[in-house]
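Student: Sequence and computational prediction follow.
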Amino acid sequence: MKNQTTRQKLSKVPNAPGLYRHESGTYYGIRKIKGKVKTASLETADRKLAERKLATWTQEQQIRILRDLLRMIAELIKKVMR
């Protein structure tokens, strides 16, 4: 019998989009970011703390995306201004 991956050991937490619980009790966040599914351990077994950490992690991912977009726009402006 094959070992299960971490992803296979996760179960969806009701009424909490993107929040999953590992069979060990640790919470994980799963989000689709730029077309790819990203998984992150929230490193807690407390649901309320996990929800806050998931919100923070999601915001960090959105900031990264915006930063990348701004960098691309700046590069395009430089090319146009030459």
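Tutor: Good, I have the coordinates.

Student: Going by C-alpha atoms from here, please, whenever you check contacts or count neighbours.
Tutor: Will do.

Student: And the average pLDDT for the helix or strand containing D68 is what?
Tutor: For D68, the host element (DSSP states H and E) is helix 47-81. Mean per-residue pLDDT for helix 47-81: 95.

Student: Show me what that helix packs onto, helices and strands only.
Tutor: strand 19-22, strand 27-33 (3 or more CA pairs under 8 Å, 6 or more residues apart in numbering; DSSP states H and E).

Student: If we use 10 Å, what do you get?
Tutor: strand 19-22, strand 27-33, strand 36-41 (3 or more CA pairs under 10 Å, 6 or more residues apart in numbering; DSSP states H and E).

Student: now for those strands, which one comes closest to L49?
Tutor: strand 27-33 (9.5 Å; CA to CA).

Student: residues of the closest one that come out buried?
Tutor: Y27, Y28, G29, I30, R31 (16 or more other CA atoms under 10 Å).

Student: what's it in contact with?
Tutor: With contacts defined as CA atoms under 10 Å, 6 or more residues apart in numbering, strand 27-33 is touched by 6-7, 10-13, 17-22, 37-47, 49-51, 53-55, 57-58, 61-62, 65.

Student: Run through the residues that contact the residue nearest to Y20 when sequence neighbours are not counted.
Tutor: Spatial nearest neighbour of Y20, excluding adjacent residues (CA to CA, 6 or more residues apart in numbering): K12 at 4.5 Å. Contact analysis of K12 by CA under 10 Å, 6+ apart lists G18, L19, Y20, R21, H22, Y27, Y28, G29, I30.

Student: taking those residues as a set, which two sit the farthest apart in space?
Tutor: Applying CA to CA across the contacts of K12, the maximum distance is between G18 and H22, 13.1 Å.

Student: Now do T44 against I63, distance only.
Tutor: 23 Å (CA to CA, to the nearest Å).

Student: For the closest residue to Y28 other than its chain neighbours, give me its contacts.
Tutor: Using CA to CA, 6+ apart and skipping residues adjacent in sequence, the residue nearest Y28 is S41, 4.5 Å away. S41 is in contact with Y20, R21, H22, T26, Y27, Y28, G29, I30, A50, K53, L54, counting by CA under 10 Å, 6+ apart.
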